[in-house]
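Visitor: My questions concern the predicted model and sequence given below.
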Amino acid sequence: MMDLGLLIIRLVVGFTFVGHGAQKLFGWFGGYGLKGTGGWLESIGLKPGVTMALLAGLGELVGGLLFAAGVGTWVGALLIALTMLVAIVKVHGANGYWATQNGYEYNLVLIAVAIGVALIGPGAYVLF
């Protein structure tokens, strides 16, 4: 059952990050694409915005795919954790812990899940 549990966690978290990466890179799923995301990133001090949007989008897309597939789980988890760490430092950290005040609660949970799965291992159900 542990392997099935790890698969469920990896698929939900991984494909959520794939979706967020696709929002930034391609404007899919209601996202703003590279230009729109880049403009917002510049407004919070991350410059050059389009380059930072590209890096964030690739980190989320590639990290999510690796994490979901259970291939390169450590790399995927690291990419997920890094993007969430930047989100905490640049957006959510100043708002305190709770998500109800736009705090870093959710970001920290995602970091814990990604690193926790990487430490345990992806389980038996992996793509390769």
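Guide: Done, it's in. Numbers count the residues shown, from 1 in each chain.

Visitor: in what helix or strand does residue 82 lie?
Guide: In this assignment (DSSP states H and E), residue 82 forms part of helix 73-87.

Visitor: ok, residues contacting that helix?
Guide: Contacts to helix 73-87, defined as Cβ atoms under 8 Å, 6 or more residues apart in numbering, come from residues 10, 13-14, 17, 46, 56, 59-60, 62-69, 104, 107-108, 110-111, 114-115, 117-118, 121-122. All C-beta spots, glycine's among them, are computed from the backbone N, C-alpha and C.

Visitor: Scan this structure for its longest helix.
Guide: If you go by DSSP state H, the chain has its longest helix at helix 2-26.

Visitor: Can you select the buried ones from the contacts of helix 73-87 in PyMOL?
Guide: Buried subset of the contacts of helix 73-87, written as a PyMOL selection, criterion 16 or more other Cβ atoms under 10 Å:
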select buried, resi 10+13+14+17+46+56+59+60+62+63+64+65+66+67+68+69+104+107+108+110+111+114+117+118+122
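
Visitor: ok, now how distant is the residue minimising distance to the centre of the chain from residue 109?
Guide: For the chain, the residue sitting closest to the mean C-alpha position, by Cα atoms, centre = their mean, is residue 80 at 4.0 Å. Applying Cβ to Cβ, to the nearest Å, the value for residue 80 to residue 109 is 12 Å.

Visitor: what's the answer for residue 103, then?
Guide: Applying Cβ to Cβ, the value for residue 103 to residue 109 is 11 Å.

Visitor: same check, this time on residue 66
Guide: Using Cβ to Cβ, residue 66 is found at 19 Å from residue 109.

Visitor: same deal with residue 4?
Guide: Taking Cβ to Cβ, one finds residue 4 at 21 Å from residue 109.

Visitor: do the same with residue 5
Guide: Distance from residue 5 to residue 109, counting by Cβ to Cβ: 16 Å.

Visitor: And for residue 98?
Guide: Residue 98 sits 12 Å away from residue 109, going by Cβ to Cβ.

Visitor: Residue 72 now?
Guide: Distance, residue 72 to residue 109, using Cβ to Cβ: 22 Å.

Visitor: do residue 76 as well
Guide: To residue 109, residue 76 is 17 Å away according to Cβ to Cβ.
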